[in-house]
Every structure is written in C-alpha cells, then in structure tokens.
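> Could you work out the structure for the sequence below:
(2 chains)
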Amino acid sequence: MPGDHRRIRGPEESQPPQLYAADEEEAPAARDPTRLRPVYARAGLLSQAKGSAYLEAGGTKVLCAVSGPRQAEGGGGGGPAGAGGEAPAALRGRLLCDFRRAPFAGRRRRAPPGGGEERELALALQEALEPAVRLGRYPRAQLEVSALLLEDGGSALAAALTAAALALADAGVEMYDLVVGCGLSLAPGPAPTWLLDPTRLEEERAAAGLTVALMPVLNQVAGLLGSGEGGLTESWAEAVRLGLEGCQRLYPVLQQCLVRAARRRGAAAPP
Amino acid sequence: MRSRLRFHPDFGTAAIMAPPVRYCIPGERLCNLEEGSPGSGTYTRHGYIFSSLAGCLMKSSENGALPVVSVMRETESQLLPDVGAIVTCKVSSINSRFAKVHILYVGSTPLKNSFRGTIRKEDVRATEKDKVVG
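Numbering: from 1, shown residues only, chains lettered A, B, ... in the order given. A predicted model of the protein is given here:
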C-alpha cells in the first residue's frame, strides 16, 4: 500500500540463503586406503577415576574413565542366603559400559539423551571388552566403564574401544590382553574400496561401515560391528582382514602409552 | 657388588641406581613356563606366562625352585571379599531371621567401596541354633 508507514515491508523477492553459502564440503580427496591417522594416546590423566585414558586420532577425541570394582547391583547381596550350588556365571564380575556423545561432538548440537545409537554402541563396547577382562577374578563385583566422545572425526566406536581398553589397563583391572579397535568404511562409486580409519566426511558418504576389535597378542577378534550394503561376502572378509592389520599396526603406540603411564605412576608414588 | 660413588649426568654424584625397572602391559608375553612359575598378576597359556596387569615385572629368585614371575602395581590391588577371607563388618540392620552387614575391611586393608553381606540366624553359632534371638 502506498504511504504505509506502520509496517516494515520486506523485499519483493527473496532467495534461499543456501544460494549464497560457500560450498564447504568437497568430495574427500583420494587417499591410500590403508593409511592410519596418527594417534595420540595418554593414560592416567584423571585423578578422580581409578583408571582413565584419552585417545585422539585425527579429529576424533575420546575420553574414557573406569571405576570399580564395586558391589554388583541386583542379586549381589542383601536378602537371605540362597540355596547352595550357585551357578558360576553368577559369581563372575560384570562390566557396565556407557557411551556418551558430548552435545558439541558433531556439526549440530545434540541433546544428551542420544537415543538408541548410544545404547547400541555401549552394548558393542561391552561385548568387545568382556573377552579381554578377567571377570572371574572379580566375583560379584561390577566394573564401570564410561566413554565420552568429545569430537566425532570418524571411526568413533573404534577409538572408544581402544580408549576403554587403555583405561581398564590403567585402572589395574586384570586383563588377558588389550583390545584395539579399527574402523572401516566402504567408499561408494564404480569401484567400491574399503577405506581404513575413515574421516567423518568419508563415513557420511560411505555405503557401509565396519568396526573391528582385535586382541593383538592372542590374535583373537573381540568384537565386530558393521552395517550397510557391502555387496559380496568376500568384500566384507577383505574389510575384516584390513581392519585386523590396522589394529596390529596400532598396538605399539598403545604399548608405549601404557608403559609411560606406569612409569609416571611409579615416579609419583615412590615405594 | 659394593656400591661406589659415580657421576651420573642427570642425578649428579650418587650411588649406583637400582637396575632399571621393567614395565609390562596386559597381554605381554613374559617368559616360558620352564624359566619361571606364574605369580600374581600373570596367567599362563600355551606354555608361556603372560602379564595380566600394567605394572612392574618382578622376578623373585628362589634357591632351587623356579623364580616366581609376578607383575606388581604400585597401589595395592583392590581386594574383594572371597571364600575363606577374614572380614570385618558393621551391622546395618537386624531382622528376626538374619542381620545385614556392610563389609568394611578384608583382612586388615580397608575397602574403598563397602560390600554388603548377610549373616543368617542359623549361622551365628554351631550349637543351639534355634535359640538365637534376633
């Protein structure tokens, strides 16, 4: 309306802002499919937790803390003594794993109750760590492992697995072996190849993803979690083999990290 | 070997330091079962002794028998109440059938997290079990 001074009129035409936004994400550059990002690992950094570890691989940052052993809940103690001849399974210790994603971990802020994904990853953590921990030495006790993902730069579950194993070793929990995790993703395209240790960009565009957990000295696979359309079975087998090689290559770094942490502990508390 | 004074670049003039401590991590293969017998903090598999903890390796040289290979951590490993252990408890509630207790000490070491236990009326004494009053 001509001469309307009570309203502020917007422009006649408007375009969506995306038109003007800079093209921020190019396709990830071609790279050697078996390259592992340099890893920084440090154990024994939290003073309040029994054991802790921090792992950084590329952009992925995970912090893990272990506490316990404490009384197992649910049938641990209290009521009148049950009948004799308890099954040995009830006497084994338990491992309670918790995986949490910080709200600032991804591109968009995510509220803490992350829903099913965090529960599934926590279950994967527990399944992979259980074969490595000597739970028979902790009867009727539970160990609590909590992993916090500070930044997701790709293969977050693998980093969490490795950090959790380091934290357990740092806490003095008896283990058969360390657990090393490695992530893989299948790059889509005319010739799909499996990429070791994908970045977040590669993971987002992947057709399939896989996380392998290996106990290096015993050479046993502790956990395997994969999803997506990988095609042939041989392709998945190839991916598992690649992942296991990657885990073996990562092992010396973790060895050094634990030895350094033990040395630091020895220097701090002279016998 | 007598200890002699020696100049060391980092520590200055001092007595000869103790042999370097060897640290090991869980899953590290320590030695053959023929060279040592497993102690605390280790486990055996396929005829080898592996470490189970992240700590210092100790080899106790015995006379005659095999040296005992064990892995020690600086802090005392958390003891758990187990069968045959002597524990000190504090009673938290009493019932006509049983008493609930908190286990505070295992042997003479205090526990960081207390465990719960039960003492049944029948287990209090060996004779005259039915005469125990709750």
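> residue ranges of the helices in the stretch 151-271 of chain A, please?
A:156-170, A:200-204, A:233-268 (DSSP state H, counting those that start in this stretch).
> Against A:Thr60, how distant is A:Gly181?
Using Cβ to Cβ, to the nearest Å, one gets 11 Å for the distance from A:Gly181 to A:Thr60. In short, each C-beta sits where N, CA and C put it, glycine included.
> Which one of the two is surrounded by more residues?
Set side by side, A:Gly181 and A:Thr60 show more neighbours around A:Gly181, with 30 against 27, by other Cβ atoms under 10 Å in any protein chain shown.
> who's in contact with that one?
By Cβ atoms under 8 Å, 6 or more residues apart in numbering or on different chains, A:Gly181 lies in contact with A:128, A:155, A:157-162, A:211-214, A:223, A:247.
> Helix or strand with the lowest mean pLDDT in chain A?
The weakest-scoring helix or strand in chain A, judged by mean pLDDT, DSSP states H and E, is helix A:88-91 (a mean of 68).
> can you list residues touching both of A:Gly181 and A:Thr60?
Contact criterion Cβ under 8 Å, 6+ apart; residues shared by A:Gly181 and A:Thr60: A:Ser155, A:Ala159.
> what residues are up against the closest residue to A:Gly153 other than its chain neighbours?
Nearest residue to A:Gly153, sequence neighbours excluded (Cβ to Cβ, 6 or more residues apart in numbering or on different chains): A:Gly59, at 2.3 Å. By Cβ under 8 Å, 6+ apart, the contact set of A:Gly59 is A:Glu151, A:Asp152, A:Gly153, A:Gly154, A:Thr199, A:Arg200.
> try 10 Å this time
A:Gly59 sits next to A:Arg37, A:Glu151, A:Asp152, A:Gly153, A:Gly154, A:Ala156, A:Thr199, A:Arg200, A:Leu201 when contact means Cβ atoms under 10 Å, 6 or more residues apart in numbering or on different chains.
> Could you report the neighbour count for A:Arg137?
Neighbour count for A:Arg137, taken as other Cβ under 10 Å: 18.
> got a list of what it touches?
Here A:Arg137 is in contact with A:Pro69, A:Arg92, A:Gly93, A:Val173, A:Glu174, A:Met175, B:Tyr43, B:Ser52, B:Ser77, B:Leu80, B:Asp82 (Cβ under 10 Å, 6+ apart).
> which residues of the chain fall in strands?
In the absence of a named chain, this looks at chain A. Applying DSSP state E to chain A gives strands spanning A:39-43, A:51-57, A:60-71, A:94-101, A:141-151, A:180-187, A:193-196, A:208-215, A:220-228.
> Wait, chain B was what I had in mind.
With DSSP E as the criterion, chain B has strands at B:5-8, B:12-15, B:23-24, B:29-32, B:37-38, B:42-45, B:48-51, B:55-60, B:68-72, B:87-94, B:98-106, B:109-120.
> Could you list the buried residues of the last one?
Translated: strand B:109-120. Under the neighbour-count criterion of 16 or more other Cβ atoms under 10 Å in any protein chain shown, strand B:109-120 has B:Leu111, B:Ser114, B:Phe115, B:Arg116, B:Gly117, B:Thr118 buried.
> if I pick the first one, what's in contact with it?
Contact analysis of B:Leu111 by Cβ under 10 Å, 6+ apart lists A:Arg70, A:Gln71, B:Gln78, B:Leu79, B:Leu80, B:Pro81, B:Val87, B:Thr88, B:His102, B:Ile103, B:Leu104, B:Tyr105.
> May I have the beta-bridge partners of A:Arg42?
Judged by DSSP bridges, the bridge partners of A:Arg42 are A:Tyr54.
> From chain B, how far out is it?
Relative to chain B, A:Arg42 is positioned 14 Å away (Cβ to the nearest Cβ, to the nearest Å).
> Number of residues surrounding that residue?
Applying other Cβ under 10 Å, we find 18 other residues in the vicinity of A:Arg42.
> A:Val62 is in contact with that one, correct?
No: counting by Cβ atoms under 10 Å, A:Arg42 does not reach A:Val62; the two are 11.4 Å apart.
> shaky segments in the chain?
Answering for chain A, as no chain was given. A:1-2, A:23-28, A:74-90, A:269-271 (pLDDT under 70).
> Correction: the question concerned chain B.
Residues of chain B meeting the criterion pLDDT under 70: B:1-19, B:76-78, B:129-134.
> quick check: domain ranges of it?
Using the TED database, the domain parsing of chain B gives B:23-72, B:78-129.
> could you dump these to TSV with distance to A:Gly189?
Putting the domains of chain B into TSV (distance: least, Cβ to Cβ, whole Å) gives the following:
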stretch	distance to A:Gly189
domain B:23-72	39
domain B:78-129	52
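> Out of those, indicate the one that is most buried.
domain B:23-72 (a mean of 18; mean count of other Cβ atoms under 10 Å in any protein chain shown).
> how close does A:Arg110 sit to A:Leu125?
As defined by Cβ to Cβ, A:Arg110 lies at a distance of 19 Å from A:Leu125.
> These two: which is more packed in?
Set A:Arg110 next to A:Leu125 and count neighbours by other Cβ under 10 Å: A:Leu125 wins out with 29 against 16.
> The more buried one reaches A:Cys97, doesn't it?
Yes: contact status for A:Leu125 versus A:Cys97: in contact at 4.1 Å, counting by Cβ under 10 Å.
> Name the residues contacting each of these two.
A:Cys64, A:Val145, A:Ser146, A:Ala147, A:Ala160, A:Leu161, A:Ala164.
> For the last one, give me its contacts.
In this case it means A:Ala164. Contacts for A:Ala164 (Cβ under 10 Å, 6+ apart) come out as A:51, A:53, A:55, A:62, A:64-66, A:95, A:97, A:99, A:125-126, A:128-129, A:132, A:145-147, A:179, A:181, A:213.
> do the same with the fourth one
Listed by Cβ under 10 Å, 6+ apart, the contact partners of A:Ala147 are A:53, A:55, A:62-66, A:97-101, A:118, A:121-122, A:125, A:156-157, A:159-161, A:163-164, A:167.
> just the first one next, same as before
Residues in contact with A:Cys64, defined by Cβ under 10 Å, 6+ apart, are A:43, A:46, A:49, A:51-55, A:97-99, A:125, A:145-149, A:159-168, A:170.
> Recalculate using a threshold of 7 Å.
A:Ser52, A:Ala53, A:Val145, A:Ala147, A:Ala160, A:Ala163, A:Ala164, A:Ala167 (Cβ atoms under 7 Å, 6 or more residues apart in numbering or on different chains).
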